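**Student:** Fold the following.
(2 chains)
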Protein chains: 2
Amino acid sequence: MGGREVNKDLQKERQKCTFDIAEMTTIFYGGPQKNFNRKKRDSVMLIGAEEFSKDIPDDYLSHKELYEDGIKKSVAIFSLVRQMQREGFTSISDYRDALSGLLGSAVLRDGSAIALHYLMFIPAIMNQGNEEQQTQWLPRAWDFNILGSYAQTELGHGTFIRGLETTATYDPATKEFILNTPTFSSYKWWAGGLGQTVNYCIVVAQLHTKGECHGIHSFIVQVRDEETHLPLPGVKIGEIGPKLGLNAVNNGFLGLNNVRIPRTQMLMKHAQVLEDGTYVKSRNSKLNYGAMVFVRVVIVFDMINYLIRAITIAVRYSAVRRQSQLKEGEPEVQILDYIMQRHRLFIGIAASHAYRIIGSKLWDTFHDVQEQLVGGNLDRLPELHALACCLKAVCTSDITAIVENCRRACGGHGYMRSSNLPTLYGMVTAACTYEGENNVLLLQTARFLVKTWQQIDKQELTPTVSYLKTANVFADKWVNSVDGIIHGLQVVAAGKIKSCVENMKKRLDSGMCYEDAWNTTSVQLVAAAEAHCRVIIISTFHEEVSRLLPTVSELLRPVLEQLVELYAVYWALEKLSDLLLYTAIEKKDVESLQYWYEELLREIRPNAVGLVDAFDIPDIMLNSTLGAYDGRVYERLMEEALKSPLNAEPVNSSFHKHLKPFMQGKL
Amino acid sequence: MGGREVNKDLQKERQKCTFDIAEMTTIFYGGPQKNFNRKKRDSVMLIGAEEFSKDIPDDYLSHKELYEDGIKKSVAIFSLVRQMQREGFTSISDYRDALSGLLGSAVLRDGSAIALHYLMFIPAIMNQGNEEQQTQWLPRAWDFNILGSYAQTELGHGTFIRGLETTATYDPATKEFILNTPTFSSYKWWAGGLGQTVNYCIVVAQLHTKGECHGIHSFIVQVRDEETHLPLPGVKIGEIGPKLGLNAVNNGFLGLNNVRIPRTQMLMKHAQVLEDGTYVKSRNSKLNYGAMVFVRVVIVFDMINYLIRAITIAVRYSAVRRQSQLKEGEPEVQILDYIMQRHRLFIGIAASHAYRIIGSKLWDTFHDVQEQLVGGNLDRLPELHALACCLKAVCTSDITAIVENCRRACGGHGYMRSSNLPTLYGMVTAACTYEGENNVLLLQTARFLVKTWQQIDKQELTPTVSYLKTANVFADKWVNSVDGIIHGLQVVAAGKIKSCVENMKKRLDSGMCYEDAWNTTSVQLVAAAEAHCRVIIISTFHEEVSRLLPTVSELLRPVLEQLVELYAVYWALEKLSDLLLYTAIEKKDVESLQYWYEELLREIRPNAVGLVDAFDIPDIMLNSTLGAYDGRVYERLMEEALKSPLNAEPVNSSFHKHLKPFMQGKL
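**Tutor:** Purely as a prediction, here's the structure:
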């Protein structure tokens, strides 16, 4: 499509933009160095992508073809990863970022069966394997000589991992573990790549030795022969079938029947089983929290990748699409001129920046705490865990709602798979469930908050909850400013936590046991955790942007400020019932909030296209008929439609076989 | 799967049920006669369904195969329809209901390419064709000798039909219309079955005669040869490609290049073009509103069909699924015992009843007004139109949210296509966009409300808005009862409409033109229309159930009352900020509302499974591994997975072709 003219409305939008787009891009991606790395990395990956851009779109393929096509593409992409590795990219997060950029793109649109090897198999060995095990397994894994998956979830158990039923029983006679999935519901289910792709797998199982069960541990299990790829004896393996999305991931099931592995294939960095079967406890069981926090931070970053694509597609389309006259006799207007459309979309732009900033902050905090952990200091781990839980939950569910709004904002054309919006939705909504179902995670944060509240006068509070002390003390007169909103939301969060604690107490006093009281209060507990999370997101966004402002050009400053204001005001209005219940806000304040919000929708309007251009997503990664840089929406829709195999023949065979006899009354 | 044992937890749930399920079924479907018809109709359709139940699930098929498979199944099903027709089913609504029952089921899971023939082509000829035209076209259409579609939407125009670009220019010399799609954006796009299936199509085009344009009219255009099925000269036709869902519908595009049709193929019941090209206006241009209202009522009913499936699946699964211990050492609990789960699901049960009742009411009102129309009385048409607009919008968006909640409430397994929840979601979310985008529809209702408000003292108000007079006069002390909530929401709706009118006035006074003031106020206008709609739904639900109560058995009464209460309290809590802003509700009232809500979740719990059993959906229509009557969830998940063609071979060909060379470093 190169060289064709850009849609005139988009051109005009770009001319209207008041700030330097490249400067915004650099800020968004965390500074010049990080942005440079991103661009370099993306450009390497795009070489791999080019190759496939002329293939038939995978939406036309059968489930089986989609898998086969996905393997072909994954192999090409991971060959590039291997090459980059040799050229000096060294940290998993580099690859993770690179991969995440590709997932959902034209190349790995529906996920990859090899991704989990990188994202779970290797990290698990790094985090849970001892030095010997790392020496033994990592080089081959880094080089892709073996491919692994990570199998924890079973048909019958996801959230409650203590309830997993797969067993690994130590046999001191042979120095082996014997692995079994003793029941139907203990079949492993969901592990990415496990179906037809990997030959190794980390299996999470209940460890039994010397007649005792020591809870769940991780084991490296070979599942297929390295030469023939045939399943090994005792291994029942396959894929779990089609899903809402991610259909190239080859999620699999695994049944194990007396499968024996050497003792040394239990990952033993923490706990160990000695040759005689003696179980040696982990020195610190809390260290595993680190890995869970890591994964959740990474999910937030991944989801931002999909969010910025969806919002780029929807905003560009809304600038190109003209529909209805606002005034009789005038030309039809760009749908971006409808206030309802801005209401739907602009929050997505602001949220992209907010989540990027809170994500980076969480990432830095994670590294600080990691260092403290190494030094033996576990003090901040519960806070960090609580934070990661609620951020994962709130970001994934917000982003899912925004992506869905983006799709609907594109009307019927957003329902076309060629818009890429349905696929993006499939990717983000999955994240509401995996790695901790969102409500379950919010309840974990709530547990931390309730505990913090109960000790509020007894100890110093860690940074992210220290506001609870001040917000608890006074609820001032309402002020319509970002600081005012943040303070208001702090009062709300504190008020909600307090109310949960009181309700719990009432229930306990009436004779309920703690667990039932907790369960009965859970609708409110979830809301309290969300309120806390919202405080953290908005205040961090505000602080970090304020810190940045002196360093950016004058033209960019108001734009960044508008985004912070929009995010704050939007959420103040969304959570109005809370503000009305817990703060001094009055009807006239609400009216001026609404007015402020409408003003912001007006102010951001001329920069809307510039703001999404600043996300700097190459067309091949957007992979959208509606969102391409040139805005040639209708031409692309038609070009994509013409690729349909159904359109390759003037008459489909089913006419002669079924339709005609039916129409002539012969059926 | 016949004869296998029912899951024990489900058995227990059914034993706990306090009311007679069959009685509830009869009530839900509108009485013994209607329920009998439904059962009879379903049983005929199921004969057709049985035949295909052993086929490979269509999720494994390619886009092209899915179409071909869909034609095979559609032909089988519509042969039954034709047969039923001959046996005395006569009204379109009978078929519509029957079809709607099948769409999304095991048979027509992804829609049907023939459905639009029935749902739009035939009705359009009936409503817009004159007697001669009906005589000429209907018998062949009823008999499926010809198959038609309905093409209105173009690539560039959906919502704004006045902007359609397709032209039909009358040529008096030959007494023909010449049809053209003169621009790229005027290609017809979306019409169901248009791609490869139909041979006729109603085309909506701008009528030009004697050098004047008379706006859009409908024309019967033959697009394919009846014998060969080849596209006719000047016709460029094909399918538009894959979508989020409904992929068996064969939505198509259509380009017309000087296609000539006889003058008599313009549908002329209302407006006409005489032989010499003279245009004769329609006597009443408002009559077309009737058809739009009809379609929107029908959409509400369709969507309820999908809602009750989703909620049946999610509730049964939640009774079968056990996860986590509430108390240490005790068995894992049914997830239906988590309050958060009930919070997510029970509103779906209540909503099913609420929407069924308001749907029937709207249907009856529609028929009343139709009769008045025939008698020349158009007084209630604007009200009915406004009502249908907001009900379509609110029901489809509520149902979409509930179906999505049902899916997420089933965790990872809900993401499996075999749960049927992703497919159901695809069907309901589409309805938020088609036949009037929801925000656009709400703005139409808002226009009616604003107009009503401005004349509130000048004239008697029609029934659905008469509350605006009383709600406007006083805002009492808050009362926590269903009546109290309804009154509160009436005050809210009135307050919101009033506030819109005031804001509009302020803007007009400040010099804005009406259209800009309207646009700037649109976020609030949409909210006002939704508030109005909520009043109508809740008050109608309450009234109709109260009317029913004396006629039902004693055991069922409290259950029906609980559903009304749940619906009212849920929405009071959802719209709390409105109540706090507009009514006298206080913090302690809110707390007791919350308590009431939690009580209802507790009271409804033992009947949850009974309540979804009462929707009486045969397994073959549910088409879900998670929702089947026997609750054998894990077995069914595995059985479905084993049908995957990928699982039919021990090693996939891509291993040798791509994976192995890559793993051995040869790529």
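**Student:** now A:L579, nearest residue through space, not along the chain?
**Tutor:** A:I585 (4.7 Å; CB to CB, 6 or more residues apart in numbering or on different chains). Quick note: C-beta positions are derived from backbone N, CA and C, even for glycine.
**Student:** Wait, the one you found touches A:V491, no?
**Tutor:** No - between A:I585 and A:V491 there is no contact under CB atoms under 8 Å: 10.0 Å.
**Student:** Check the burial of the residue nearest to A:L579 by counting its neighbours.
**Tutor:** For A:I585, the count of nearby residues is 25 (other CB atoms under 10 Å in any protein chain shown).
**Student:** In contact with it, which residues?
**Tutor:** Contact analysis of A:I585 by CB atoms under 8 Å, 6 or more residues apart in numbering or on different chains lists A:W478, A:G488, A:L579.
**Student:** roughly how far apart are the second one and chain B?
**Tutor:** Looking back up the chat, that one is A:G488. For A:G488, the distance to chain B (CB to the nearest CB, to the nearest Å) stands at 13 Å.
**Student:** before we move on, what about A:L573?
**Tutor:** 8 Å.
**Student:** try A:S397
**Tutor:** In terms of CB to the nearest CB, A:S397 sits 9 Å off from chain B.
**Student:** Please identify the helix or strand for A:W190.
**Tutor:** strand A:188-191 (DSSP states H and E).
**Student:** Could I get the buried residue list for that strand?
**Tutor:** Within strand A:188-191, the residues that qualify as buried are A:K188, A:W189, A:W190, A:A191, counting by 16 or more other CB atoms under 10 Å in any protein chain shown.
**Student:** average pLDDT across it?
**Tutor:** Mean per-residue pLDDT for strand A:188-191: 98.
**Student:** Show me what that strand packs onto, helices and strands only.
**Tutor:** Using 3 or more CB pairs under 8 Å, 6 or more residues apart in numbering or on different chains; DSSP states H and E, the elements in contact with strand A:188-191 are strand A:148-151, strand A:252-256.
**Student:** Please name the strands paired to whichever helix or strand comes after that strand in the sheet, noting orientation.
**Tutor:** Next helix or strand after strand A:188-191 toward the C-terminus (DSSP H and E): strand A:200-209. Paired neighbours of strand A:200-209 in the sheet (DSSP bridges): strand A:148-151 (parallel), strand A:167-171 (parallel), strand A:212-222 (antiparallel).
**Student:** Skipping adjacent residues, who's closest to A:V6 in space?
**Tutor:** Nearest residue to A:V6, sequence neighbours excluded (CB to CB, 6+ apart): A:D630, at 4.6 Å.
**Student:** show me the contacts for the one you found.
**Tutor:** For A:D630, the contact set (CB under 8 Å, 6+ apart) comprises A:M1, A:R4, A:E5, A:V6, A:N7, A:L10.
**Student:** Could you do A:E603 as well?
**Tutor:** Neighbours of A:E603 in contact, by CB under 8 Å, 6+ apart: A:Q562.
**Student:** what residues does the stretch 351-500 of chain A put near chain B?
**Tutor:** A:404, A:407-408, A:411-412, A:414-418, A:422, A:425, A:429-430, A:432-434, A:437, A:439, A:443 (CB under 8 Å from any CB of the partner chain).
**Student:** picking that back up, how about the CA coordinates for the strand holding A:W190, as PDB?
**Tutor:** Extracted in PDB, the C-alpha atoms of strand A:188-191 (Å, rounded to 0.1, in the frame of the first residue of the first chain):
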ATOM      1  CA  LYS A 188      -3.300 -30.600  33.300                       C
ATOM      2  CA  TRP A 189      -5.200 -28.200  31.100                       C
ATOM      3  CA  TRP A 190      -4.300 -24.900  29.500                       C
ATOM      4  CA  ALA A 191      -0.500 -24.900  29.300                       C
END
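**Student:** Where does the record place the domain boundaries for chain A?
**Tutor:** A:24-112, A:146-283 (automatic domain parsing).
**Student:** how far out from the middle of the chain is the last one?
**Tutor:** Here the centre of mass of C-alpha atoms in domain A:146-283, compared against the chain's by CA atoms, centre = their mean, to the nearest Å, lies 26 Å away.
**Student:** got it, and stretch A:527-536?
**Tutor:** Distance, centroid of stretch A:527-536 to centroid of chain: 19 Å (CA atoms, centre = their mean).
**Student:** And the spatially closest residue to A:Y629 that is not a sequence neighbour, what's its pLDDT?
**Tutor:** Spatial nearest neighbour of A:Y629, excluding adjacent residues (CB to CB, 6+ apart): A:D619 at 5.7 Å. A:D619 is assigned 92 on the pLDDT scale.
**Student:** re earlier: buried subset of the contacts of A:I585 as a PyMOL selection?
**Tutor:** Buried members of the contacts of A:I585, defined by 16+ other CB under 10 Å, are picked up in PyMOL with:
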select buried, chain A and resi 478+488+579
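**Student:** Any chance of TSV for the contacts of A:I585, columns secondary structure?
**Tutor:** Listed next are the contacts of A:I585 as TSV, based on DSSP: H, G, I helix; E, B strand; the rest coil:
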residue	secondary structure
A:W478	coil
A:G488	helix
A:L579	helix
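**Student:** From chain B, how far off is the residue nearest to A:Y629?
**Tutor:** For A:D619, the distance to chain B - CB to the nearest CB - is 18 Å.
**Student:** Tell me where the model's unsure across chain A.
**Tutor:** Counting by pLDDT under 70, chain A shows low-confidence ranges at A:1-3, A:88-106, A:284-289, A:472-475, A:667.
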